Every structure is written in C-alpha cells, then in structure tokens.
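A.B. asks: Just the structure for this:
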Amino acid sequence: MKTDDNAPTAAAPIVAVLLAITDLRPVDWFSGKRLPLTIEEMAECHRCGRKHAIVWTVEVTEQGQPPQVFNVGSQCGKRMIAEGLLPDLEPASVKAARKAARKRNTDAKRAEVERHARRVGELVAALDMPEPECTARRVKKYAGGLDLDAWACGDVHTTTAAGTDADSMRRRLADDWRRARAAELLTDVPDSLINACWSKHAFIAAAASFAAGNNPEHLIEKWS
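C.D. replies: Below is the predicted model of the structure:
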C-alpha cells in the first residue's frame, strides 16, 4: 500500500501520573493554621515560572522517552487537567496523592519525635535509679478502715493498700521514677514537635518505656 509521506503522524501518547501534592507551609501546632512563606521559601513552578506554596509533583512519560518529573503549582496543575495535558488525573487520583503526601509528612514527624523519645529514654536509663521500697506500713487509715503502706523510689512517693503485691509496687515506682526523670529532660525538645504527634504525657510515657528497655508500640500513635 502506498503511503503519503507528507501525511501528519499521530502525536506520541503522553502519560502523566500525579505523584504527590505537597503544602510547603509549616503548621502552627497550637492554632492549627498554616504559616506564610517568604518568596525564597516557595518552589518554582516548571510550567509558569512563578513561586508556589502548594506543589504538585507530576511524572510525565512520552512514548519512547524516559519519564520526567516536574513540579507545578496547584493552579497550573488544575489548568493542565482542564487542557487535557494530564489525562489520567481523576479526582480520586488527586485525593490519593494528597493522602500520600500527608502520610509521608506524618511518618517523618512521628519518626523524629520517636527519635527524641529514644534519646531521652537512653539518658534516663544511664541514671542510677534508687531501689523502690516500702518505707512505712499502716501509716493511716481510710474512713472505711483500710490500712495503707507508704512506698518510695528516690523523690517519688505513693501510698497503697496494705498487703499490695510488693513486686508490682516496685515496678510501678520504678516506672514513675523514670517518667519523672524523662519529664526533667524535655527542656531541649520543642513542645511544638512533641504536640505534632503525641501529647506530652504520651511522649514521657514512651521515653520511660524506652528507658526500661521496652518498645512502646501502643504509645506510638500516628498524628492526625
């Protein structure tokens, strides 16, 4: 069959995939609001050349060519969808990309906070912990007549019903002592960092658990 060499050829298909949507603005964890960025802190859009705080990372593959990754602003990303340049970017894809970006941000912050908790736990574990002991028996009575025992571990004191299992009290006092020491070592850990993932109480409990040689999986909760 004779072909016309001058006939227009079909354009090579372009496949675009939205890899991530990232908001570069930091969060004020006390107000929950995004903080403004300077122009220098924003990312340059590969499409319009302007600076943007919200960045779409798009991988574009043209037939026969290696894939290329571009960063575009959110408005340019929406225009590219409207123009048909990003044919496979359905609303579900945008939602999935935003969710993936949030998860990466959450995981990164959680890992940083966990690293601080481990470090504080190691500092606590290096301290000499006093031996938990019962310091006085039947120190007073409740109105109902229940006798109490006094226990102490260094500067940590408590009372409990007389006859309470001694081993469980020693474990409890030792854990309370570790928590008290961990609370004293938080001065170099920013509250904003702790509150990004955990409450301060959970952070102290996790550090104390690390100090005891445990891995507090039940305390390592995802920030949401």
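A.B. asks: counting residues per helix, which one in this structure is longest?
C.D. replies: helix 91-125 (DSSP state H).
A.B. asks: got a pLDDT number for residue 73?
C.D. replies: According to the prediction, residue 73 has pLDDT 88.
A.B. asks: which SSE is residue 202 in?
C.D. replies: helix 200-211 (DSSP states H and E).
A.B. asks: got it, and residue 56?
C.D. replies: strand 54-62.
A.B. asks: contact partners of the very next helix or strand once past that strand?
C.D. replies: On the C-terminal side of strand 54-62, the nearest following helix or strand under DSSP H and E is strand 68-73. Strand 68-73 is contacted by residues 19, 43-48, 50, 52, 54-61, 80 when judged by C-beta atoms under 8 Å, 6 or more residues apart in numbering. (C-beta placed from N, C-alpha, C; glycine too.)
A.B. asks: which of those residues are buried?
C.D. replies: 19, 43, 45, 47, 52, 54-58, 60, 80 (16 or more other C-beta atoms under 10 Å).
A.B. asks: Between which two of those is the distance greatest?
C.D. replies: 54 and 60 (19.0 Å; C-beta to C-beta).
A.B. asks: returning to that earlier point: rounded mean pLDDT for the longest helix of the chain, please.
C.D. replies: 76.
A.B. asks: That one to helix 200-211, inter-axis angle?
C.D. replies: 60 degrees (axes from the mean of the first three to the mean of the last three C-alpha atoms, to 10 degrees).
A.B. asks: Run through the neighbouring helices and strands of helix 91-125.
C.D. replies: Judged by 3 or more C-beta pairs under 8 Å, 6 or more residues apart in numbering; DSSP states H and E, helix 91-125 is in contact with strand 14-23, helix 166-184, helix 191-197, helix 200-211.
A.B. asks: please redo it, this time with the cut-off set to 10 Å
C.D. replies: strand 14-23, strand 54-62, helix 74-82, helix 166-184, helix 191-197, helix 200-211 (3 or more C-beta pairs under 10 Å, 6 or more residues apart in numbering; DSSP states H and E).
A.B. asks: mind checking how far the longest one is from the chain centre?
C.D. replies: Here the centre of helix 166-184 is set off from its chain's centre by 27 Å, with C-alpha atoms, centre = their mean, to the nearest Å.
A.B. asks: buried stuff in the helix holding residue 202?
C.D. replies: Buried-residue list, helix 200-211, by 16+ other C-beta under 10 Å: 202-211.
A.B. asks: in this protein, which residue is closest to the centre?
C.D. replies: Centroid-nearest residue in the chain, with C-alpha atoms, centre = their mean: residue 110, separated by 2.7 Å.
A.B. asks: gap between it and residue 207?
C.D. replies: 15 Å (C-beta to C-beta, to the nearest Å).
A.B. asks: contacting residues for residue 82?
C.D. replies: Residues counted as contacts of residue 82 (C-beta atoms under 10 Å, 6 or more residues apart in numbering): none.
A.B. asks: just residue 120 next, same as before
C.D. replies: Residue 120 touches 181-186, 188-189, 203-204, 206-208, 210-211, counting by C-beta under 10 Å, 6+ apart.
A.B. asks: so what's the closest residue to residue 162 other than its chain neighbours scoring on pLDDT?
C.D. replies: In space, and not counting its chain neighbours, residue 162 is closest to residue 147: 3.8 Å by C-beta to C-beta, 6 or more residues apart in numbering. What the model reports for residue 147 is a pLDDT of 77.
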